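K.L.:
Could you work out the structure for the sequence below:
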Amino acid sequence: MHRNVRVRFWLESTLGGISATLFLLTLVWPDWIELTLKINPDQGSGSAELAIAAALAIAAICNAFLARTEWRRALPV
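P.N.:
Residues are numbered from 1 along each chain as shown. This is a model prediction of the structure:
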């Protein structure tokens, strides 16, 4: 079965996957943010990493829901 999905579905799916990957990376290796951006906003306490991980998790869930809605909207051809 093939569905005609819009570009919006692929965009939401891709952003959701990237958000989920970065969320898991942040949980496993929280220092990647400081090493990549070369800044230390929380002076080593880890609160910034926790806030970023929470935001990434929310973004992944929202994008997954939006992609699912877009997938269900598309009619099978």
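
K.L.:
Buried residues in the helix or strand where A51 lies, which are they?
P.N.:
Using DSSP states H and E, A51 sits in helix 47-73. Buried residues in helix 47-73, counted by 16 or more other CB atoms under 10 Å: 48-49, 52-53, 56-57, 59-60, 63-64, 66-67, 70. Yep, even glycine has a C-beta here, placed from its N, CA and C like the rest.

K.L.:
Turn the residues you listed into a markdown table, columns for distance to L24 and pLDDT.
P.N.:
Listed next are those as a markdown table, based on distance: CB to CB, whole Å; pLDDT from 0 to 100:
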| residue | distance to L24 | pLDDT |
| --- | --- | --- |
| A48 | 17 | 88 |
| E49 | 13 | 89 |
| I52 | 13 | 92 |
| A53 | 9 | 94 |
| L56 | 9 | 97 |
| A57 | 9 | 98 |
| A59 | 13 | 98 |
| A60 | 9 | 98 |
| N63 | 15 | 98 |
| A64 | 14 | 97 |
| L66 | 20 | 97 |
| A67 | 18 | 96 |
| E70 | 24 | 94 |
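
K.L.:
Low-confidence regions, this protein specifically.
P.N.:
1, 77 (pLDDT under 70).

K.L.:
ok, so what distance separates A53 from T26?
P.N.:
4 Å (CB to CB, to the nearest Å).

K.L.:
again but with T14, I slipped
P.N.:
Using CB to CB, T14 is found at 19 Å from T26.

K.L.:
Contacts only, for the residue nearest the centre of the chain.
P.N.:
Ranked by distance to the mean C-alpha position of the chain (CA atoms, centre = their mean), the top residue is S19 at 1.5 Å. Going by CB atoms under 8 Å, 6 or more residues apart in numbering, S19 touches L56, A57, A59, A60, N63.

K.L.:
Appreciated, that's everything.
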